[in-house]
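# Sequence and predicted structure are below.
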Amino acid sequence: MIARFRFAALIILTMIFVALLSTPTLTSSANAVPQSVPQFANAPSAAGTQSAYPILNGSDTVAPSGVQGRIVAWLRLRSGPGRSFSILGIVRYGSYVQVLARTPDGFWVAIRIGNTVGWVYKPFLRYLGGGSADVPVLTPAP
């Protein structure tokens with residue numbers, strides 16, 4: 001019985017030794033060639049290529065009155081509250097916008113960015129100078 005145990009232990013150790021010898025060695029990444037970073041759809045690339053939609057830049061400061069918001073991601077501005085509505089443009093990350101209205105469920109918010117009015121998905125907007133209770137609810141027509 002002890003011989004079987006020693007034989008099994010010898011086989012396991014041999015398998016571990018072979019696995020260690022066949023493991024590739026790590027090399028320094030100092031001389032590694034950088035790989036390209038994947039780009040998100042409709043976001044400007046590092047090379048400066050244009051999006052199919054206009055990039056909308058909001059204010060760099062908060063307006064003194066009304067409910068304001070800050071966009072926390074590159075975001076599509078839509079013509080209505082839902083993904084089925086057409087895209088008016090792309091809102092730049094970090095833009096300050098004026099919040100105009102929200103849907104009853106609170107998932108979509110109407111904003112003004114520059115001279116453009118449209119809808120954005122609420123999880124990507126942070127309220128400033130007020131909250132959702134201060135934003136009028138826009139109920140859809142029957």
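Right, received. Where do you want to start? Numbers count the residues shown, from 1 in each chain.
# can you pull the pLDDT of the residue lying closest to residue 82 once chain neighbours are set aside?
Leaving out its chain neighbours, the residue that sits closest to residue 82 by CB to CB, 6 or more residues apart in numbering is residue 108, at 6.8 Å. C-beta: built from backbone N, CA, C; applies to glycine. pLDDT recorded at residue 108 is 95.
# for residue 89, same thing?
For residue 89, pLDDT reads 93.
# Can you name the residues bridging to residue 87?
Legend: beta-bridge partners of residue 87 under DSSP bridges are residue 78.
# picking up where we left off before, so the residue nearest to residue 82 touches residue 120, yeah?
Yes. Between residue 108 and residue 120 there is a contact at 7.2 Å, judged by CB atoms under 8 Å.
# hmm, back to that, how deep is the residue nearest to residue 82 tucked in, by neighbour count?
Residues lying near residue 108 (other CB atoms under 10 Å) number 21.
# what stretches of this structure score poorly on pLDDT?
1-51, 59-65, 140-142 (pLDDT under 70).
# show me where it has helices.
For the chain, applying DSSP state H gives helices covering 2-22.
# Would you check that residue 73 makes contact with residue 122?
No. With contact defined as CB under 8 Å, residue 73 does not reach residue 122; the gap is 11.7 Å.
# Neighbour count: those two, which is higher?
In this view residue 73 and residue 122 are compared by other CB under 10 Å, and residue 122 has more residues nearby, 20 against 15.
# I'd like to know how far the more buried one sits from residue 69.
9 Å (CB to CB, to the nearest Å).
# swap in residue 89?
Counting by CB to CB, the separation of residue 89 from residue 69 is 16 Å.
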